[in-house]
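Chemist: could you work out the structure for the sequence below:
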Amino acid sequence: MRNQFFSKGKKFGVGDPMTDALWDSFLPQNFQTLSPFQWSPISVIERTWNFLSHDGVTSIVDLGSGVGKFCIYLSLLSHHSIDILGLEDREELVNVSESLKERWQATKVQFKKENFLNQFPKGHSHYYCFNPLYETMKGSHSIDSNKIKSATQFLKDLQILKQNLLLMKPKSKLITFHGFGGNFLPGFRIILKEEISGGEYVIWERE
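Modeler: Below you'll find the predicted structure:
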């Protein structure tokens with residue numbers, strides 16, 4: 001299923017199909033170049049809505065929401081029928097997200113400048129993350145050069161994330177794209193695993 005949009009610069013409506021290139025065209029240039037590595041692909045967001053629309057979703061949190069692409073496009077696909085929260089600890093990215101939210105009138109989306117490792121949002125039916133600990137690894141295409149990047153920091157953050165995920169209520173779901181930083185999540189079972197856009201897409205259920 002592909003929702004439809006007006007052409008570049010217009011508000012949401014019937015017209016051209018949404019693509020990653022079209023989405024990127026609304027971003028500042030420096031964030032456009034990061035798109036293939038940092039922002040969720042349109043195909044992944046559409047696959048997520050296909051699952052959520054049959055899974056009784058009431059609210060979903062994006063852990064590390066970046067420029068807001070996942071949250072806003074998911075809201076458009078759902079016709080603004082669910083509450084969506086994006087957590088991002090870089091103010092510049094939150095500002096970009098808020099601008100895009102206003103452009104597409106995504107009234108059911110909320111963005112907060114928070115670090116999900118320090119303040120985990122409990123009580124939601126679904127959670128999503130796209131390789132959320134990437135910024136602590138010594139890799140290319142980084143967003144934030146100020147973050148500590150080391151194997152020690154990565155393992156520390158991974159342990160905190162795993163502990164936080166245990167705060168999810170039973171039967172709630174965690175959706176990961178390109179992983180969460182590890183291979184095994186105690187207290188969860190895998191209910192779906194597939195390849196999308198060159199990455200592993202997994203849905204975990206809290207036991």
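Chemist: helix/strand/coil for residue 128?
Modeler: For residue 128, the assignment made with DSSP: H, G, I helix; E, B strand; the rest coil gives strand.
Chemist: could you check how far it is from residue 85?
Modeler: As defined by Cβ to Cβ, to the nearest Å, residue 128 lies at a distance of 10 Å from residue 85. For the C-beta atoms, the positions are set from N, CA and C on the backbone; glycine is no exception.
Chemist: who has more neighbours, these two?
Modeler: residue 128 (27 against 20; other Cβ atoms under 10 Å).
Chemist: just list whatever residues bridge to that one.
Modeler: residue 62, residue 175 (DSSP bridges).
Chemist: mind listing what it touches?
Modeler: Residue 128 makes contacts with 48, 60-63, 70, 174-177, as judged by Cβ atoms under 8 Å, 6 or more residues apart in numbering.
Chemist: kindly reformat the residues you listed as CSV containing neighbour count and distance to residue 99.
Modeler: Converted to CSV, the contacts of residue 128 look like this (neighbours: other Cβ atoms under 10 Å; distance: Cβ to Cβ, whole Å):
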residue, neighbour count, distance to residue 99
48, 24, 23
60, 26, 21
61, 26, 21
62, 28, 17
63, 26, 21
70, 28, 16
174, 20, 28
175, 23, 26
176, 23, 27
177, 22, 24
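Chemist: quick check, nearest of those to residue 203?
Modeler: Nearest to residue 203 among the contacts of residue 128: residue 175, at 5.2 Å, using Cβ to Cβ.
Chemist: of all residues in the chain, which one is nearest the centre?
Modeler: Central residue check for the chain by Cα atoms, centre = their mean: the C-alpha nearest the mean position is that of residue 62, 4.2 Å away.
Chemist: so what sits against both of residue 128 and residue 85?
Modeler: With Cβ under 8 Å, 6+ apart as the test, residue 128 and residue 85 both reach 60-62.
Chemist: and those as TSV, adding pLDDT?
Modeler: Listed next are the shared contacts of residue 128 and residue 85 as TSV, based on pLDDT from 0 to 100:
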residue	pLDDT
60	98
61	98
62	98
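Chemist: and of those residues, the nearest to residue 79?
Modeler: Distances from residue 79 to the shared contacts of residue 128 and residue 85, taken by Cβ to Cβ, are shortest for residue 60, at 14.8 Å.
Chemist: show me where the chain has its strands.
Modeler: 4-5, 16-17, 59-63, 83-88, 109-113, 126-130, 173-177, 188-196, 199-206 (DSSP state E).
Chemist: state the mean pLDDT of the second one.
Modeler: Looking back up the chat, that one is strand 16-17. Averaged across strand 16-17, pLDDT comes to 76.
Chemist: what does the pLDDT read for residue 53?
Modeler: 97.
Chemist: now do the phi/psi pair for it.
Modeler: phi -70, psi -10 (degrees, to the nearest 10).
Chemist: mind listing what it touches?
Modeler: Neighbour list for residue 53: residue 78 [criterion: Cβ under 8 Å, 6+ apart].
Chemist: ok, it to residue 192 distance?
Modeler: Residue 53 sits 14 Å away from residue 192, taking Cβ to Cβ as the criterion.
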